[in-house]
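J.: after the sequence you'll find the predicted model.
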Amino acid sequence: MPGGRLTQQERQQIAQGVADGLAYAEIARRLDRPTSTVTREVLRNGGPTAYRADLAHRATERRAHRRRKTAVPGPQAPAQAPGRDAEAVREYEETFTTLLMQSGLPKMMARVLTCLLTADAGSLTASELAGHLQVSPASVSKAITFLEGQGLVRRERDERRRDRYVADNDVWYQSTMAGARANIMLAETARQGVAILGRDTPAAARLENVARFVEFVGESIARAADQARDILSAQPAAGPGPGTSPGPDGDGEPARGR
């Protein structure tokens with residue numbers, strides 16, 4: 001499987017595949033590249049409706065030039081563990097960030113959350129985040145405020161009385177439960193409309209269907225989150241075994257469940 005950056009010819013093949021309506025997996029297969037590489041390439045360069053090979057190639061060159069200018073991390077940037085491929089780590093962070101953006105997070109919020117999730121320390125200060133991401137403290141502060149509001153990040157104080165930001169399993173549990181409660185509240189509100197609009201009307205029937213669906217989803221998510229927390233808290237976190245690779249594609253992509 002070829003490695004390294006996409007060539008201009010590969011980008012032209014991606015553009016043609018997108019124009020032909022091919023799935024990213026099929027385009028990747030024809031290029032002998034990971035699907036995540038093609039997905040990231042298209043999403044970060046305009047999406048399927050606006051992707052252009054020449055524009056994407058120039059944009060990548062500009063990004064590479066900016067990275068070379070800021071390649072030396074600031075004094076507050078978290079250090080990487082020895083033995084890691086810095087380029088592979090950077091590519092993985094971009095892949096994860098892109099997927100978070102695809103799920104609805106704004107770009108800076110997605111970058112901050114990815115940084116927290118991939119930090120060995122388990123938590124980072126605002127200055128460490130700013131140093132790693134090469135952005136202003138104000139940008140980090142805005143992103144943290146948003147993520148806290150979504151229940152995706154919590155803050156704690158360290159021994160030097162600095163705020164540190166964490167995105168651990170408990171944060172994901174609380175965020176998942178908040179989403180489940182929102183679904184259940186939506187069901188209750190929809191049923192209020194059933195009573196107001198008249199139970200035998202088409203609008204009321206529609207709202208009742210909405211209520212039943214989101215109520216079932218909310219209760220199922222809450223049960224699954226409780227079960228996952230109980231099971232996972234009773235088991236020690238297992239790292240990858242000896243000789244295992246980061247993912248089946250060898251590009252830092254997490255292994256899929258079997």
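T.: It's in. Residues are numbered from 1 along each chain as shown.

J.: low-confidence ranges, the stretch 151-258 of the chain, go.
T.: For the stretch 151-258 of the chain, applying pLDDT under 70 flags the ranges 236-258.

J.: cool, the stretch 1-150 of the chain as well?
T.: Ranges of the stretch 1-150 of the chain meeting pLDDT under 70: 1-4, 63-81.

J.: how about the helices in it?
T.: 8-19, 24-31, 35-43, 53-69, 86-102, 107-117, 126-133, 137-149 (DSSP state H, counting those that start in this stretch).

J.: please identify which of these is closest to residue 228.
T.: helix 107-117 (17.0 Å; Cβ to Cβ). Where C-beta positions appear, they are placed from N, C-alpha and C, glycine not excepted.

J.: buried stuff in stretch 185-194?
T.: 186-187, 190-191, 194 (16 or more other Cβ atoms under 10 Å).

J.: would you mind listing the buried residues in stretch 219-227?
T.: For stretch 219-227, burial by neighbour count (16+ other Cβ under 10 Å) applies to 221-222, 225.

J.: including secondary structure and distance to residue 234, could the residues you listed go into TSV?
T.: Putting the buried residues of stretch 219-227 into TSV (DSSP: H, G, I helix; E, B strand; the rest coil; distance: Cβ to Cβ, whole Å) gives the following:
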residue	secondary structure	distance to residue 234
221	helix	21
222	helix	19
225	helix	15
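
J.: ok, back up a step: and of the helices of the stretch 1-150 of the chain, who's closest to residue 233?
T.: Closest among those, using Cβ to Cβ: helix 107-117, at 18.7 Å.

J.: follow-up on the earlier one: out of the buried residues of stretch 185-194, which comes closest to residue 135?
T.: For these, the nearest to residue 135 is residue 186 (35.2 Å; Cβ to Cβ).

J.: correct me if wrong: that closest one contacts residue 214.
T.: Yes. At 5.0 Å, residue 186 counts as touching residue 214 under the criterion of Cβ atoms under 8 Å.

J.: hang on, the earlier thing: out of the helices of the stretch 1-150 of the chain, the one nearest residue 172 is which?
T.: Relative to residue 172, the nearest member of the helices of the stretch 1-150 of the chain by Cβ to Cβ is helix 107-117, separated by 9.7 Å.

J.: buried set for that closest one?
T.: With burial defined by 16+ other Cβ under 10 Å, the residues of helix 107-117 counted as buried are 108-116.

J.: just stretch 192-203 next, same as before
T.: Residues residue 194 are the ones in stretch 192-203 that count as buried (16+ other Cβ under 10 Å).

J.: and it, end to end?
T.: Across stretch 192-203, the terminal residues are separated by 12 Å (Cα to Cα, to the nearest Å).

J.: residue boundaries of the helices in the stretch 151-258 of the chain?
T.: Under the criterion DSSP H, counting those that start in this stretch, the stretch 151-258 of the chain contains helices at 169-197, 202-233.

J.: can you redo the ones you listed as JSON lines with distance to residue 150?
T.: Formatted as JSON lines, the helices of the stretch 151-258 of the chain follow (distance: least, Cβ to Cβ, whole Å):
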{"stretch": "helix 169-197", "distance to residue 150": "7"}
{"stretch": "helix 202-233", "distance to residue 150": "16"}
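
J.: any idea which of the ones you listed gets closest to residue 57?
T.: Among these, helix 169-197 comes nearest to residue 57, with 37.1 Å by Cβ to Cβ.

J.: now do the buried residues in stretch 117-131.
T.: Those would be 118-119, 123-126, 128-131, for stretch 117-131 by 16+ other Cβ under 10 Å.
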